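Engineer: Test case, fold it:
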Amino acid sequence: IQGDKSDVWFWVPVGEATFTNSSNISLVGNFIYTDHFQFMGQSVYKNDVFQFQNYISIDDALERTLSYYASAEPDNDYNSNSLNEIIPVASGTGFFISNKGDIVTNYHVVEGCEYSKVFFDGQTFTTILKSKDPINDLALLSSDIKDINYLKISKKDVDLLDDVIAAGFPLGKMVSSSLKTSKGSVTSLSGFSDNFSNFQTDASLNTGNSGGPIIDYYGNVVGVAVAIYGRDIGVEGFNFGIKSSVLRNFLNSNSFSLDDVNQSKLSNKELGKVITDSTVYIECYMKNIDYLNLIEQQQSLKAFYVE
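Structural biologist: So this is what the prediction gives:
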């Protein structure tokens, strides 16, 4: 692939990856292609780390890294961070399950975080990890957000072809900071590799949806968005949710009291309010060095920033 400005040919990755040029400048983050290759994330040069919070061409990122390294005056496009500095690195979605600020999300959304924050009603709140289930990819967070609307957890697992709505913050804030929803149906009662704690849906899910609610038309949670598969090989629609029975077992094992479910179908307007009032954007904060290590390993399910 040819760079935007140079006459040198080099290979460029797509997606979450690390790219190192001949000058040993490493770009660590997300690579996309529009009409040319662009990068957003962190550059590393001689143990200094620079953060690009907006997409920039690869050539410009490499040139600015050298310029920033030589300059004592930071530019508005980046922050120079030590490897031990704690910065926001990834995002996900969660939802309230009580009026006392309890939040459910995926474990992989908060795994390895020094701490996580939720954004709700124009404010930012730091959360505490109360409980985790790495096997089923669930986590329970607590926050100081009180007297809020919350979602009820369905007592019944989904059936094939049930209509569902997924809500969350796909791609973080890269598209917009607004909540997004997607309608679909249940297309399989098992997940990847016959995982019967999951179900499959054709409701659209993207990186950043992880931990978000999948609800029925009564406004009850029937699943937790957990994973997408196949897009790297051109396959669409392989989106999965954790079944409500698995979520209920997780919460019951933590002595969490669950309310009765909604019995009446809601209008689209009512569903929109329930989802908006109950769904939150989650941001994971990690040390620079831990973030760089995860990207290098390329084994994490996190929605890395960039968003």
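Engineer: now residue 21: how far from residue 288?
Structural biologist: 20 Å (CB to CB, to the nearest Å). For the C-beta atoms, the positions are set from N, CA and C on the backbone; glycine is no exception.
Engineer: For residue 214, name its beta-bridge partners.
Structural biologist: residue 166, residue 223 (DSSP bridges).
Engineer: the strands in the stretch 51-200 of the chain, which residues?
Structural biologist: Here the stretch 51-200 of the chain has its strands, by DSSP state E, counting those that start in this stretch, at 80-81, 86-96, 103-105, 115-120, 123-126, 128-133, 138-142, 152-153, 163-168, 180-188, 198-201.
Engineer: Dump the ones you listed into CSV; add mean pLDDT as well.
Structural biologist: What follows is the strands of the stretch 51-200 of the chain, written out as CSV (pLDDT from 0 to 100):
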stretch, mean pLDDT
strand 80-81, 52
strand 86-96, 92
strand 103-105, 97
strand 115-120, 93
strand 123-126, 93
strand 128-133, 94
strand 138-142, 96
strand 152-153, 97
strand 163-168, 97
strand 180-188, 96
strand 198-201, 96
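Engineer: more crowded one of residue 21 and residue 288?
Structural biologist: Ranked by neighbour count (other CB atoms under 10 Å), residue 21 and residue 288 place residue 288 first, with 20 against 16.
Engineer: pLDDT score for that one?
Structural biologist: Predicted confidence (pLDDT) for residue 288: 82.
Engineer: ok, for it, nearest residue in space, not its chain neighbours?
Structural biologist: residue 83 (4.7 Å; CB to CB, 6 or more residues apart in numbering).
Engineer: distance of that neighbour from residue 225?
Structural biologist: Residue 83 is 32 Å from residue 225, by CB to CB.
Engineer: higher neighbour count, these two?
Structural biologist: Taking neighbours as other CB under 10 Å, residue 83 and residue 225 compare with residue 225 leading, 29 against 14.
Engineer: Pull out the buried residues from whichever strand or helix holds the more buried one.
Structural biologist: Using DSSP states H and E, residue 225 falls within strand 220-229. Neighbour-count burial for strand 220-229 flags 220, 221, 222, 223, 224, 225, 226, 227, 228 (criterion: 16 or more other CB atoms under 10 Å).
Engineer: immediately after that strand, which helix or strand?
Structural biologist: strand 238-243.
Engineer: Name the residues that touch that following strand?
Structural biologist: Around strand 238-243, the neighbours that count as contacts under CB atoms under 8 Å, 6 or more residues apart in numbering are 136-138, 157-158, 164, 166, 184, 191-192, 195, 197-205, 214, 222-231.
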